[in-house]
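**Student:** prediction below, plus the sequence it came from.
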Amino acid sequence: MAAPPPKPPARTDQQHPSLDTPAPPQQKKEITALRPGDIVRPIRTHEIQQTLPLFFLPLHDHADKTLRQAVHAFRQLARQQHYDLSQQIVALRHDRIVAACLCIPQKGRYAFALTSTAPAPTPTDPDLAYLTVETIRQSTARAFKHNACFVQILLETDDKDRRDICCRAGFQPLTNLIYMMRIPSQNTPSQKPQPHLAWRAYQPQHHQLFKDVIKQTYLQSLDCPELENLRDMEDVITAHRASGQFDPALWQLLLYRKQPAGVLLLTPQNAHHSLDVTYMGLCPQFRKKGLSSLLMQHAIDLAAQLQYQALTLAVDQRNTPARKLYQRLNFREFLRRTALLARPKP
């Protein structure tokens with residue numbers, strides 16, 4: 001993988017209010033009047049409970065129990081990760097909330113967005129999607145104002161309605177991300193010693209070296225190349241460190257004949273007792289030498305040695321060589337999502 005796929009949101013540098021913390025004072029300039037009876041504005045604290053189901057409709061609109069379960073699970077995640085739910089932008093039609101968007105700032109100067117779908121049409125208003133579009137526009141504008149370099153949205157691959165709404169709000173479809181998993185074998189044979197290869201674990205004094213090598217691996221990447229040059233490399237590394245529980249021993253640099261050739265960044269995901277291949281990349285001059293297989297085999301061996309229940313990764317659907325490699329190493333797809341991207345206007 002030569003570029004980081006979107007990950008579940010992690011805690012930001014700032015301490016966010018809890019779900020019960022009062023929302024910031026409303027600013028009149030943020031309130032946008034639309035058609036008569038329609039308003040788009042920041043959410044108020046007492047409204048938070050009303051908006052959460054909107055993020056899971058219509059997927060659960062015929063199953064009240066699963067909708068309640070989805071909302072409950074999200075509230076737990078929001079508390080654990082300190083999401084600031086008071087930062088939502090909502091749309092009201094005749095004083096009833098019908099759409100919402102939440103941008104969650106991430107370490108590494110980007111944001112992850114959640115959005116509702118279009119409100120149900122009425123006989124007099126067959127297209128109310130513009131209300132959701134406006135919540136997304138205002139929410140992403142706020143994220144960019146707070147220094148986000150881009151905003152990501154992940155959708156179900158068949159969620160055409162949300163995808164169309166996001167595109168109307170300025171997002172561009174990026175790619176489909178394929179999430180894959182392999183169960184590490186405890187009987188994995190050790191790799192034969194290869195004197196021309198060596199591994200160096202991350203240490204603070206190696207930070208600049210890791211940074212330089214990661215930057216090289218982005219060149220001519222086949223994994224989400226659109227993300228290249230959107231952020232400073234220091235922000236990229238910060239985002240990688242925040243993707244789970246950072247363990248410097250699991251961030252490793254591959255040396256080929258004493259020359260830095262690539263990196264393998266593994267991140268424990270304690271909630272799932274799994275190890276994630278957060279990032280894997282090779283410098284251009286070291287590609288097509290079989291080193292990608294070696295990097296991944298090293299990840300498999302480490303997962304087995306450390307007794308993780310699973311080794312996971314995400315790959316750009318367009319990256320055929322990487323997909324073939326993972327399939328050859330017995331990784332199996334378990335999830336697919338469509339990624340969309342918005343950038344600040346020049």
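**Tutor:** In hand now; what should we look at? Numbers count the residues shown, from 1 in each chain.
**Student:** okay, the closest residue to P284 other than its chain neighbours: pLDDT?
**Tutor:** Excluding the flanking residues, the one nearest P284 by C-beta to C-beta, 6 or more residues apart in numbering is L219, at 5.3 Å. Just so you know, the C-beta spots here come from the backbone N, C-alpha and C atoms, and that holds for glycine as well. Looking at L219, its pLDDT is 91.
**Student:** buried residues in stretch 277-288?
**Tutor:** For stretch 277-288, a neighbour-count test (16 or more other C-beta atoms under 10 Å) marks V277, T278, Y279, M280, G281, L282, C283, F286, R287 as buried.
**Student:** for that stretch, list the C-alpha coordinates in PDB.
**Tutor:** What follows is stretch 277-288, C-alpha atoms only, in PDB (Å, rounded to 0.1, in the frame of the first residue of the first chain):
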ATOM      1  CA  VAL A 277      -1.200  -2.900   8.100                       C
ATOM      2  CA  THR A 278      -1.600   0.800   8.400                       C
ATOM      3  CA  TYR A 279       0.900   1.500   5.800                       C
ATOM      4  CA  MET A 280       3.300  -0.400   3.500                       C
ATOM      5  CA  GLY A 281       5.400   1.100   0.800                       C
ATOM      6  CA  LEU A 282       8.600   0.700  -1.200                       C
ATOM      7  CA  CYS A 283      10.800   3.400  -2.700                       C
ATOM      8  CA  PRO A 284      10.500   3.400  -6.600                       C
ATOM      9  CA  GLN A 285      14.000   2.000  -7.200                       C
ATOM     10  CA  PHE A 286      13.300  -1.100  -5.000                       C
ATOM     11  CA  ARG A 287      10.000  -2.100  -6.600                       C
ATOM     12  CA  LYS A 288       9.600  -5.200  -8.700                       C
END
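**Student:** how near is the residue nearest to P284 to M180?
**Tutor:** Distance of L219 to M180, given as C-beta to C-beta, to the nearest Å: 24 Å.
**Student:** show me which of the two is the more surrounded one.
**Tutor:** Counting neighbours by other C-beta atoms under 10 Å for L219 and for M180 shows that M180 has the greater number, 22 against 13.
**Student:** my read is that the more buried one contacts Q317, right?
**Tutor:** No: between M180 and Q317 there is no contact under C-beta atoms under 8 Å: 11.4 Å.
**Student:** now for Q327, how many residues are close by?
**Tutor:** The number of residues packed near Q327 is 12, by other C-beta under 10 Å.
**Student:** oh, that last question was meant for A148, not what I typed.
**Tutor:** Should you count by other C-beta under 10 Å, A148 turns out to have 24 residues around it.
**Student:** need the pLDDT of it.
**Tutor:** 97.
**Student:** so is it in a helix, a strand, or just coil?
**Tutor:** coil (DSSP: H, G, I helix; E, B strand; the rest coil).
**Student:** I'd say it and A113 touch.
**Tutor:** No: the criterion here is C-beta under 8 Å, and A148 misses it with A113 at 10.0 Å.
**Student:** overlap in contacts, the two.
**Tutor:** Common contacts of A148 and A113, defined by C-beta atoms under 8 Å, 6 or more residues apart in numbering, comprise C103.
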